[in-house]
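Just need the structure, nothing else, for what follows:
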Amino acid sequence: MAEDDRHSVPPIVPILSALLQRVADCNDAQASRHGRRRLPPPAAAFSGLARPAISIRGYLDRIFRYADCSPSCFVVAYVYLDRFLHLHPSFAIDSFNVHRFLISAVVTAVKFMEDRCYNNAYFAKVAGISLAEMNFLEVNFLFGLRFELNVSPFVFTSYCSILKREVSPQIPLGFHCLGAKEEEEEEEPRSSSLCEQHLSCS
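Below is the predicted model of the structure:
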């Protein structure tokens, strides 16, 4: 595969970054009116003191360029982000935590999905943080997920559908287009917390 083809940005990157940007902007606006909430562990581990200079889109582009992973890892990272939010409903994504949250989710997805991957020292350089912080974020993310890392084909497809609907506004976000039988059999949350935060800001 040619170098340019290998690093061409897949649709998941701009779609996910656009969704996260809107959620972060909304929660930033709410925090400016009501003040930032003090978050309990493990969510507090991801909150920085200042907004990173790089945009969410630029950050995801950088991760994709250097992580050398498949686009599927970004879908799985989205599943992990959503699971974290379901498990910690008081947590809100904003511009102070979204970058740390993203690198933790992607690193976890890459390690779970790929046969080979770079070590944390490499990912720390990609993320622009220290190795100690990368290790700290990874541990807190795993405990925050309660180590629930498996993603079934059904769940993967469902979240792909959510992301597709992100660019198709005529289909309501936060609801899967599933048959009744499929909904009864599925144990995963049937709506996206990220999309719910997005909708609440509309």
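
where do the helices sit along this protein?
With DSSP state H, the ranges of helices along the chain come out as 3-6, 12-34, 56-67, 72-87, 98-113, 120-127, 131-144, 153-166, 180-185, 193-200.

closest to Phe46 out of these?
Evaluated over these, closeness to Phe46 peaks at helix 98-113, with 4.4 Å, by Cβ to Cβ. C-betas here are computed from N, CA, C, even on glycine.

burial count for the closest residue in space to Phe112 that isn't next to it in sequence?
Distances taken as Cβ to Cβ, 6 or more residues apart in numbering place Leu149 nearest to Phe112, at 5.1 Å, with adjacent residues excluded. Using other Cβ atoms under 10 Å, Leu149 has 16 neighbouring residues.

Spell out which residues sit in contact with Leu149, please.
80, 108, 112, 142 (Cβ atoms under 8 Å, 6 or more residues apart in numbering).

what's the closest of the helices of the chain to Gly48?
Short answer: helix 98-113, nearest of these by Cβ to Cβ, at 6.5 Å.

how about the CA coordinates for that closest one, as PDB?
C-alpha atoms of helix 98-113 as PDB (Å, rounded to 0.1, in the frame of the first residue of the first chain):
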ATOM      1  CA  VAL A  98     -11.400  15.600  25.600                       C
ATOM      2  CA  HIS A  99      -7.800  15.200  24.300                       C
ATOM      3  CA  ARG A 100      -6.700  13.100  27.200                       C
ATOM      4  CA  PHE A 101      -9.900  11.100  27.000                       C
ATOM      5  CA  LEU A 102      -9.400  10.500  23.200                       C
ATOM      6  CA  ILE A 103      -5.800   9.300  23.400                       C
ATOM      7  CA  SER A 104      -6.700   6.900  26.300                       C
ATOM      8  CA  ALA A 105      -9.600   5.500  24.300                       C
ATOM      9  CA  VAL A 106      -7.600   5.100  21.100                       C
ATOM     10  CA  VAL A 107      -4.600   3.500  22.800                       C
ATOM     11  CA  THR A 108      -6.900   1.000  24.600                       C
ATOM     12  CA  ALA A 109      -8.700   0.200  21.300                       C
ATOM     13  CA  VAL A 110      -5.400  -0.200  19.400                       C
ATOM     14  CA  LYS A 111      -4.000  -2.600  22.000                       C
ATOM     15  CA  PHE A 112      -7.200  -4.600  22.100                       C
ATOM     16  CA  MET A 113      -7.800  -4.700  18.300                       C
END
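
In that helix, which of the residues would be classed as buried?
98-111, 113 (16 or more other Cβ atoms under 10 Å).

Flag the least confident of those.
In terms of pLDDT, the lowest of these is Met113, showing 89.

ok, for that one, nearest residue in space, not its chain neighbours?
Per Cβ to Cβ, 6+ apart, closest to Met113 is Cys73, 5.2 Å.

so how far is Lys111 from that neighbour?
Applying Cβ to Cβ, to the nearest Å, the value for Cys73 to Lys111 is 9 Å.
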